[in-house]
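Visitor: any chance you could fold what I've pasted below:
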Amino acid sequence: MFWYYLEQTERRARVVPEHAPPCSPLYEDSRSSLFEVSYWKNKINFDVFHVVADGAGAIEMLQTLVTEYVSLAHDLDLCQPPRAAMDERMEDGFQKYYKSDGRSSKRERKPRAYRLPHRGGDLKVYEGVCDVKQVLDAAHRYNTTLTVYLAAVMFQAIHGGMYVRDRKKPVVLTVPVDLRSYFPSHTARNFFSIIRASYAFNERSGEFSDILEQTAVAFKRELTAENLAARLNTLAALEHNFLLRPIPLFIKYPVLLLSGLISDVGETAALSNIGKFQLPDAVAPYVKAFGVFVGTDALQLCTCSYNGQLHLGFTTTMRDPSVIRRVFARLTQDGVSLEVRSNTMYGEGS
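Guide: Reported below is the predicted structural model:
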C-alpha cells in the first residue's frame, strides 16, 4: 500500500530463444523476474530492468554469465570467485553513505531544454563499432577525454537539426555517474547519480572548440565528491522522510509520474560511458564483442569497450535518425573508421 519493493524468488531462471525487440518491457506483474537471458545464434542477450541493477551491476552479471557459459561449452577449468561477499554485493549504497546532517544539493530551477522532434515511435537501435584507439586519438587532439569529446559531438549533431526558433532553448545532456568511483562499494544494486551538461546555442558561438570547452567545464564542476555526495543526500533523504512514508501508493504514483515528466522537460538526450568489459584470459578468445543499449523515450548513447573496440549503442524513438548519422559523420571526419549496424532499415538517403 505504501511503497514498491523487491523480494527474493525461488523461481529458476530459464534461457530462451530471442523473441522480442531490444529493450522490451520486462515487468508484467508482481511475479516478474525483472531480467531475462536469451540467445540468437552465437549472441547472448541479458536484459535487466533498471530497478534491479545499474550499468555496473548488469555488466558484472553479464561477464559472470559469459565466463560460466564459455567455461562449460569449452571445458575450461576456471575458478571465478566473486569479487565481494554477498552482503557487500547486496548493500544499499545510498543508505550506507547518507548523512542526515550532510549537505544536500540546491534545488535550482532547470530551464526547459530543447526536445528532439518526432519521438514516441518504436524503439530503434543503431550501433557503431570502431577502434577505441582512433577515438582516443581524436579526443586527445582536442586535449580532452573520450566522454567529453563524445558529449561535444552529440551537442553538435543535435544542433545540426535544430530550427532557428528552437535555439533559445539549451541542449541538455544527462550523464549517469557510477558512484562506486567516489564512494567505496561493491554493491551490484543501483548506485549511480546523474550530472547535466548544457549548451545554449543562442548565447554562444556554436563552434566545436567552444562546445568542447563548455562541456569540459560542466564535467569538472559537476564531477566532484562533494557535489555527488550532496546529490546522494538529496535522493536518500526522501526515503528517510517519515511524513512521506505513510502516504498510500495511489497518491504517490501520480506524483512520481508528474515528477518524471517535469524532469524529462529539462533533458534533451543522454550519454552513458559504461566502461571496459573484462574477461579472464582463457575466456577472451571465445568472445568477439559486447554492446550495451538502454530503453528510452528520446535518444540515448551507451558506449563500452572490449578487446580494443569501442561500441557506440544508440537507442531512440525518433523516426528520423539524422542526429545519429551526424554523430557518425563527425567521428569519420575526425579520422575514426566505423562499421554501422541497425535493427531497422530506411530508404536510400535517410
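Visitor: name every strand pairing with the helix or strand harbouring residue 315 and say which way it goes.
Guide: Secondary structure assignment for residue 315, by DSSP states H and E: strand 309-316. Strand 309-316 sits in its sheet next to strand 124-131 (antiparallel), strand 299-306 (antiparallel), going by DSSP bridges.
Visitor: whichever helix in the chain runs longest: which residues count as buried?
Guide: Longest helix in the chain, counting residues (DSSP state H): helix 55-73. For helix 55-73, the neighbour count (16 or more other Cβ atoms under 10 Å) marks 55-63, 66-67, 69-71 as buried. For glycine as for every other residue, the C-beta is placed from the backbone atoms N, C-alpha and C.
Visitor: centre of the chain to the strand holding residue 315, how far?
Guide: Relative to its chain's centre, strand 309-316 lies at 11 Å (Cα atoms, centre = their mean, to the nearest Å).
Visitor: give me the mean pLDDT for that strand.
Guide: Mean pLDDT, strand 309-316: 96.
Visitor: repeat that for stretch 14-23.
Guide: Stretch 14-23 comes out at a mean pLDDT of 92.
Visitor: C-alpha coordinates for it, CSV please?
Guide: Output of stretch 14-23 as CSV, limited to C-alpha atoms (Å, rounded to 0.1, in the frame of the first residue of the first chain):
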residue,chain,number,x,y,z
ARG,A,14,15.4,-20.1,-17.9
VAL,A,15,17.4,-19.3,-21.1
VAL,A,16,15.0,-18.7,-24.1
PRO,A,17,15.4,-18.0,-27.8
GLU,A,18,15.4,-14.3,-28.7
HIS,A,19,11.7,-13.5,-29.2
ALA,A,20,11.2,-9.7,-28.6
PRO,A,21,12.6,-6.4,-29.9
PRO,A,22,15.5,-4.8,-28.0
CYS,A,23,14.8,-3.3,-24.6
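Visitor: name the residues of that stretch that are buried.
Guide: residue 22.
Visitor: what does that stretch rub up against?
Guide: Residues from elsewhere that reach stretch 14-23 (Cβ atoms under 8 Å, 6 or more residues apart in numbering): 36-40, 43, 45, 47, 122-123, 125, 293-295, 315, 343.
Visitor: can you give me the pLDDT of the residue nearest to residue 49 when sequence neighbours are not counted?
Guide: Spatial nearest neighbour of residue 49, chain neighbours left out: residue 34 (4.1 Å); criterion: Cβ to Cβ, 6 or more residues apart in numbering. We have a pLDDT of 91 for residue 34.
Visitor: residue 105 too?
Guide: 64.
Visitor: and for the one 4 residues further on?
Guide: In this model, residue 109 is scored at 66, pLDDT.
Visitor: same check, this time on residue 56
Guide: Confidence score, pLDDT, at residue 56: 88.
Visitor: contact partners of stretch 239-248?
Guide: 1-3, 94-95, 98, 100, 238, 252.
Visitor: what would those residues look like in CSV with pLDDT?
Guide: As requested, the contacts of stretch 239-248 are exported to CSV (pLDDT from 0 to 100):
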residue, pLDDT
1, 83
2, 83
3, 81
94, 85
95, 84
98, 82
100, 72
238, 75
252, 84
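Visitor: so which of these belong to helices?
Guide: Per DSSP H, those map to helices at 94-95, 238, 252.
Visitor: tell me the one of these nearest residue 129?
Guide: residue 94 (34.9 Å; Cβ to Cβ).
Visitor: correct me, but the closest one touches residue 235?
Guide: Yes - using Cβ atoms under 8 Å, residue 94 is in contact with residue 235, at 6.3 Å.
Visitor: pull out the buried members of the contacts of stretch 239-248.
Guide: Judged by 16+ other Cβ under 10 Å, buried ones among those: 94, 98.
Visitor: which members of the buried residues of helix 55-73 are the farthest-apart pair?
Guide: Checking the buried residues of helix 55-73 with Cβ to Cβ, the most distant pair is 55 and 71, at 24.3 Å.
Visitor: list the buried residues in the strand or helix carrying residue 263.
Guide: Using DSSP H and E, residue 263 maps to helix 249-265. By neighbour count on 16+ other Cβ under 10 Å, the buried set for helix 249-265 is empty.
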